[in-house]
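1. could you look at this predicted model? Sequence included:
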Amino acid sequence: MATMQEIFKGFEERQARLVEDGLKNPLAHGAALIEGQITPLLDAKIPVLDQGFLHSDLTYDVPAVWDGNLFRFNDHLDRLERSCAKLRLKPPMSRSEIEQATINLISKSGIRDAYVQIIVTRGFRFVREPLPTSDTPENHFIYILVMPYIWVMPPQMQPVGGEAVVTRTVRRIPPGAIDPTIKNLQWGDLIRGLLEARIAAHNTHS
């Protein structure tokens, strides 16, 4: 079994190759599938009237790619389907189409250690509008993003661990308000907690 040092060394070597690839492949810095079109991530655009953007009316899931291998992809797709069902969202692509589109996007990017985000939104239809009929079908959107791997804790910090800060003024949104089994971007509490923790850590070390 590889040691953590060997794992991190392999990651650094792949990152160095990715930097070289970025000189000839614009998708190596990140790629997006928007309305069926593949584009460099930094060039990707979404409609400002998308309810996912305006009201966080969406769900998502984040499978990871490590050394070219998707980790528990089927489990992530299962959870995405459960989240969509609870929010009455219907992806405009079948499960197999999502799977193939994701694999294709990863392949074209050349990113072997990747953070992958699959997002399904309600599109332009505001939830207060009448329920759709056969004459007015749902028009939900799907976005797929691939970018270089994002660490929760940087590799150089992992051998020694990080500091923990307990926030004093921020409380998590209770499960009775937002079902925590649905992946969502209601991150107001998390962001405020991170800001408070960073300020506290800065004051401690200053």
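-> Looks like it arrived, so ask away. Numbers count the residues shown, from 1 in each chain.

2. residue nearest the centroid of this structure?
-> residue 117 (3.2 Å; C-alpha atoms, centre = their mean).

3. now do the SS call for the nearest residue to that one once chain neighbours are set aside.
-> Once flanking residues are discounted, residue 117 sits nearest to residue 145: 4.4 Å by C-beta to C-beta, 6 or more residues apart in numbering. Using the backbone N, CA and C atoms, a C-beta is placed for each residue, glycine as well. Secondary structure state of residue 145, per DSSP: H, G, I helix; E, B strand; the rest coil, is strand.

4. residue 22 versus residue 145, what's the distance?
-> When distance is defined by C-beta to C-beta, to the nearest Å, residue 145 is 17 Å away from residue 22.

5. so if I had to pick from the two, which one is more boxed in?
-> Between residue 145 and residue 22, residue 145 has the larger neighbour count (other C-beta atoms under 10 Å), namely 21 against 16.

6. wait, that one touches residue 42, no?
-> No: Residue 145 is not in contact with residue 42 according to C-beta atoms under 8 Å; the separation is 11.1 Å.

7. which neighbours do these two have in common?
-> Common neighbours of residue 145 and residue 42, using C-beta atoms under 8 Å, 6 or more residues apart in numbering, are residue 30.

8. what residues does the residue nearest to the centre of the chain make contact with?
-> Here residue 117 is in contact with 60-62, 143-145 (C-beta under 8 Å, 6+ apart).

9. do the same with residue 76
-> 61-63, 118.
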